[in-house]
Each structure stands twice: as C-alpha cells, then as structure tokens.
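Enquirer: Sequence and predicted structure, then a few things I'm wondering about:
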Amino acid sequence: MKKAIALLLLLILIISCKSDKKENTVSITETVKDTVKSVVPGPVPDVVMTKEYVYQLGKQMYFWGWPLVNMHNRVLVMRKVPMAGLNGGAVPVAPVNNLCMTSDYITPAERYVACPNQDVVYGFGIMMLNESPVVVQVPDFGDRFWVVQLGNQRTDGIAKLGAMYGSKKGFYLIVGPGWNGKVPDGITEVFHSDTNLAFVIPRAFLNNTAEDRKAIQPVINQLMAYPLSEYDGKVKTKEWAKIPSFPDPNKSEGGKEVAFVIPEKFFQEFPSILKEVPPLRGEEALYAQFNSVLDAAKKDSTLMPILTKAAIDAERELIEPLRQFKNVGVPVGNYWNTTKNGANFGTDYLSRTSAARANIFVNQPQETIYYNQDLDNKGVELNGKSNYTITFTKDLIPKVKGFWSLTVYDHNHFFFINDAKIYSLGTKNKDLKYNTDGSLTLYFQNAKPSADKVSNWLPVPKDKFGLLLRSYWPEESMIKGYTPPSLVKG
C-alpha cells in the first residue's frame with residue numbers, strides 16, 4: 001500500500017514539474033517576443049537630418065513611389081471624364097468605377113500607356129473601391145483568347161480571370177480592403193484588392209480581318225464594368241463602336257507618354273500616397289523612414305526644395321534610363337530581356353518601377369511573357385538607317401495557346417506611325433510567308449522591301465527603335481526558359 005502511495009505521489013510530482021515547465025516555457029517565449037518588439041523602435045522624432053541625407057533618401061522615395069503616384073494621378077484624369085469614350089479619339093476612358101472598350105485595334109496616336117499592341121481590342125477602367133465595389137461583366141468568348149487584367153495601385157495582379165484560367169461567362173465582383181458587405185445572388189466570384197485604387201484592363205484577341213472585326217462586336221458589347229449599385233443580375237450591353245470622342249487635355253511632349261508623375265509636384269502628392277496604400281508585410285520600417293523625412297520637411301522649410309531637387313534628379317538619372325529596353329528586366333540571351341515577375345512585384349521595387357516606366361500594366365507571366373530589346377546581334381543599338389532580319393527556326397516560333405506578336409516601337413516605346421499602317425506581325429497575320437524548312441524570317445527596314453517580302457515586313461523609323469515580343473498564354477516551355485533569336489544587320 002505504501003509503495004502504491006509513493007508511486008502515486010511521484011507521478012503527481014512529475015506531472016506537476018511538467019506543468020510548471022510548460023508554463024515557464026510559454027512565459028519565457030512571451031517575454032522574448034515582448035523584448036524583440038521593444039528593441040525595434042522607429043526613427044527618433046526631430047532628429048537632425050543633413051541636407052545630403054534628405055536628398056539621397058528623397059531620390060529613393062521618388063523611385064519607390066513613382067508607380068503609385070502614376071496610378072494615383074490616372075484617377076484624376078478619369079474624374080474629369082463625362083462618360084465612356086475615347087480621349088483624343090484614341091484612348092478608352094470612363095468615369096471612375098466604369099469601363100470603356102475599343103472596338104478595334106488601338107490607334108497609333110495613343111500616348112497614355114507605353115508599348116501598346118495591335119493584336120487585341122482593349123478596355124480600361126480605374127476603380128476606387130472605397131466608393132463602391134465594382135461588377136465586371138464577362139461574356140462568353142467561345143474559342144477566342146481573352147484575359148481581364150485586374151490590378152492594384154502597386155500594379156500587382158489581384159485576380160485570375162481569363163481563358164488560361166478556364167474562367168466562364170458571369171458577373172465578377174471586385175471589392176476593396178476590409179469590405180464585408182453582402183454578396184448579391186448571381187455573382188460568379190469575388191476578388192479582393194488590398195488597395196482601394198484598382199484597375200481593370202480587358203484584352204480580347206482580334207484577327208486582322210474584316211470578318212473577325214464584325215464577329216467580335218456582339219461579344220465585346222457585353223463586356224462591362226459598373227458600380228455594385230447598378231447590378232441587377234441582368235446582362236447589360238454597350239455598343240462600343242459608337243462611343244464618342246473627347247478632346248484630350250493631356251498633351252504628350254515630344255512623342256513621350258503623357259506625364260502622370262511630375263517631379264516638381266511629387267512631394268506634394270507623396271504623403272497622401274503613403275496613407276492610401278497600406279504597407280506590405282515588412283514595409284513598416286520603410287514607411288517610417290519615409291514619413292520621418294516628410295515630417296521633417298513640414299517643420300523645416302529649407303528641406304522641401306532639397307526633396308524637389310531629388311525628385312528632378314531621380315527622374316533624369318534613375319527613371320529616364322528605363323525608357324531603354326536594355327536597362328529593363330532579366331537578360332535571357334541574344335540581347336533580349338524579359339520580366340520574370342510581371343504584376344507580381346511585391347517588394348521588388350526595381351522591377352516594379354522599371355516595368356511602370358517602360359511598359360506599365362504588364363500581365364502576370366502565366367498570362368503573357370514579354371521579351372524586349374533594342375540591340376542587334378553584336379550589341380549595337382538598333383537604328384533605322386540600317387536593315388535587319390530575324391529568323392525564327394521552327395522550334396523557336398513562340399509556343400502559345402493564345403497568340404504571339406512582334407511589335408516595333410520608337411525610342412519612346414510607342415508605335416512608329418507609317419504609311420503602310422503596319423505595327424506588328426504574328427498570329428493575327430494570316431499571310432505570313434514561312435521558309436521551306438518551317439522557319440520564319442521577318443524584315444525590319446524603313447523603306448518598303450521587294451514584293452516577296454512585304455507580308456513579312458515591319459516598318460521601322462529612321463533612327464533608334466526597339467522590339468517587344470509578346471507570348472499570350474505561353475506554354476510551359478516558354479515560361480521555364482526561352483531565348484528569341486538575334487536581329488542581324490544587313
């Protein structure tokens with residue numbers, strides 16, 4: 001009996017010790033966590049900042065914030081739009097939380113978005129989700145390639161909606177941070193944006209034929225976006241071929257993209273940007289550093305001119321060089337570069353700002369892979385004073401489930417307007433001539449070539465130019481690794 005009691009007491013003691021140990025462990029862990037939190041303070045208020053420090057951090061702030069300010073100021077354009085229509089007869093615009101579509105290829109005069117393509121009908125809309133959730137109405141595209149790009153203020157993708165995802169006809173709801181309203185009956189899927197500012201860009205492939213232009217109209221006329229308050233579960237339609245044109249108050253200077261980021265105004269706008277775009281996980285310290293400089297500039301009037309100079313210099317030294325394709329993306333060989341993380345930038349600020357300057361609104365890689373370059377096979381800048389060829393062997397012709405195209409751009413990354421009205425070649429061109437071995441040779445020159453080469457000719461300007469190869473809905477082999485062939489002079 002005594003042995004049994006002793007064993008029982010020993011068991012109780014062991015259990016008690018384990019219990020105490022567990023409690024002590026939790027207590028120690030919590031203490032460590034509290035200690036870690038307590039030793040990571042932010043910037044000290046009213047600390048002395050040298051002018052050089054403010055200048056250098058100001059340049060970093062400008063580079064980091066360039067895409068966010070760009071998006072912010074595009075909203076201001078849409079605020080002035082009376083209805084869906086074409087700005088300057090070229091650019092689809094619509095009031096905030098609505099969408100406007102083109103009914104044909106975008107015109108060569110477009111200067112709102114660098115690196116446009118003439119393979120799809122486009123749409124564009126800016127959403128302010130704190131004002132209202134937005135319904136995107138998607139029609140049945142049948143076998144036609146399509147994708148509806150949805151992105152946030154950082155230009156990251158927030159949804160998967162398109163042919164490559166097996167998406168179906170339906171009503172899709174876009175909501176902002178913290179939205180907890182009731183989802184109406186009939187909504188196919190809900191997408192959440194982590195910023196109140198978001199954008200929608202539909203793309204639908206269009207063959208370069210009169211028959212396909214006619215066939216696509218009733219389809220795109222059912223492609224709409226509108227505030228949730230207008231949703232009634234019924235399909236709405238709009239004849240996009242009949243929308244009005246507006247005079248465009250925003251002018252392009254020297255053929256460049258309309259400036260949505262003005263260095264001299266940047267630091268008047270930037271504080272509100274930090275408030276409207278919440279930090280990503282891990283960005284809290286970065287925001288604290290930025291705000292410490294902005295707070296100092298409020299108290300010391302001598303600092304704002306320094307920040308303005310930093311913005312002007314950063315535009316010239318850091319942003320402007322990104323207008324050259326050779327300075328953008330990841331090299332893949334033959335002087336071609338690609339964007340590996342399009343619309344999935346996260347904290348990759350270099351790639352985000354590079355893409356925003358060179359080719360804003362890129363799709364996610366599973367939707368589109370872009371290859372860009374402005375050098376020939378010897379690393380010399382492409383120039384229309386010379387002629388060039390590129391030959392895709394049969395196995396190098398882009399393997400896609402959607403379409404591919406190769407587009408020529410001037411040094412500002414816009415179409416070279418030419419009398420032949422040829423801006424890209426690819427899947428849409430049914431008269432391309434292939435070589436007897438199945439390879440494809442394309443010709444790049446300013447003057448019209450001989451008749452046997454015209455179908456494979458891309459006109460180029462008489463000075464610098466660049467190329468962009470698009471592969472929509474690329475096959476896995478292209479996602480894992482692909483190097484386009486070189487451009488050969490002569």
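Expert: That came through, no problem. Numbers count the residues shown, from 1 in each chain.

Enquirer: What are the boundaries of the strands in the stretch 301-450 of the chain?
Expert: Taking DSSP state E, counting those that start in this stretch, the strands of the stretch 301-450 of the chain run over residues 330-333, 336-338, 368-373, 388-392, 400-410, 424-426, 440-445.

Enquirer: Please produce JSON lines containing those, extended by distance to residue 354.
Expert: Where C-beta positions appear, they are placed from N, C-alpha and C, glycine not excepted. Formatted as JSON lines, the strands of the stretch 301-450 of the chain follow (distance: least, CB to CB, whole Å):
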{"stretch": "strand 330-333", "distance to residue 354": "10"}
{"stretch": "strand 336-338", "distance to residue 354": "10"}
{"stretch": "strand 368-373", "distance to residue 354": "11"}
{"stretch": "strand 388-392", "distance to residue 354": "24"}
{"stretch": "strand 400-410", "distance to residue 354": "16"}
{"stretch": "strand 424-426", "distance to residue 354": "22"}
{"stretch": "strand 440-445", "distance to residue 354": "25"}
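
Enquirer: Which one of those strands lies nearest to residue 216?
Expert: Across the strands of the stretch 301-450 of the chain, residue 216 has its closest neighbour in strand 400-410 (13.8 Å, CB to CB).

Enquirer: how deep is residue 234 tucked in, by neighbour count?
Expert: Other residues lying near residue 234 total 8 when counted by other CB atoms under 10 Å.

Enquirer: Kindly state the pLDDT recorded for it?
Expert: Note for residue 234: predicted pLDDT of 98.

Enquirer: ok, the most centrally placed residue in the chain - contacts?
Expert: Most central residue of the chain, judged by C-alpha distance to the mean C-alpha position with CA atoms, centre = their mean, is residue 361 at 2.7 Å. By CB atoms under 8 Å, 6 or more residues apart in numbering, the contact set of residue 361 is 113, 149, 151, 155, 199, 201.

Enquirer: circling back to that earlier point, what about the strands of the stretch 301-450 of the chain, which gets the closest to residue 176?
Expert: Going by CB to CB, the one of those nearest residue 176 is strand 368-373, 25.8 Å.

Enquirer: angle of that closest one against strand 400-410?
Expert: 30 degrees (axes from the mean of the first three to the mean of the last three CA atoms, to 10 degrees).

Enquirer: In stretch 259-278, which residues are buried?
Expert: 260-261, 263, 266-267, 270, 273-274, 277 (16 or more other CB atoms under 10 Å).

Enquirer: what's it in contact with?
Expert: Contact with stretch 259-278 is made by 58, 61-62, 65-66, 68-70, 72-74, 153-154, 177, 194-197, 253, 287, 290-291, 294, 297, 304, 307-308, 311-312, 314-315, as judged by CB under 8 Å, 6+ apart.

Enquirer: switch to 7 Å and redo it
Expert: Stretch 259-278 is contacted from outside by 61-62, 65-66, 68-70, 72-74, 153-154, 194-197, 287, 290-291, 294, 304, 307-308, 311-312, 315, using CB atoms under 7 Å, 6 or more residues apart in numbering.

Enquirer: Now do it: distance to the chain's middle.
Expert: Distance of stretch 259-278 from the chain centroid (CA atoms, centre = their mean, to the nearest Å) equals 18 Å.

Enquirer: pLDDT weak spots in this protein?
Expert: Within the chain, the segments meeting pLDDT under 70 span 1-39.

Enquirer: follow-up on the earlier one: need the strands of the stretch 301-450 of the chain in a markdown table with mean neighbour count, can you?
Expert: As requested, the strands of the stretch 301-450 of the chain are exported to a markdown table (neighbours: other CB atoms under 10 Å):
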| stretch | mean neighbour count |
| --- | --- |
| strand 330-333 | 13 |
| strand 336-338 | 23 |
| strand 368-373 | 24 |
| strand 388-392 | 19 |
| strand 400-410 | 21 |
| strand 424-426 | 24 |
| strand 440-445 | 20 |
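
Enquirer: I appreciate the help and will end here.
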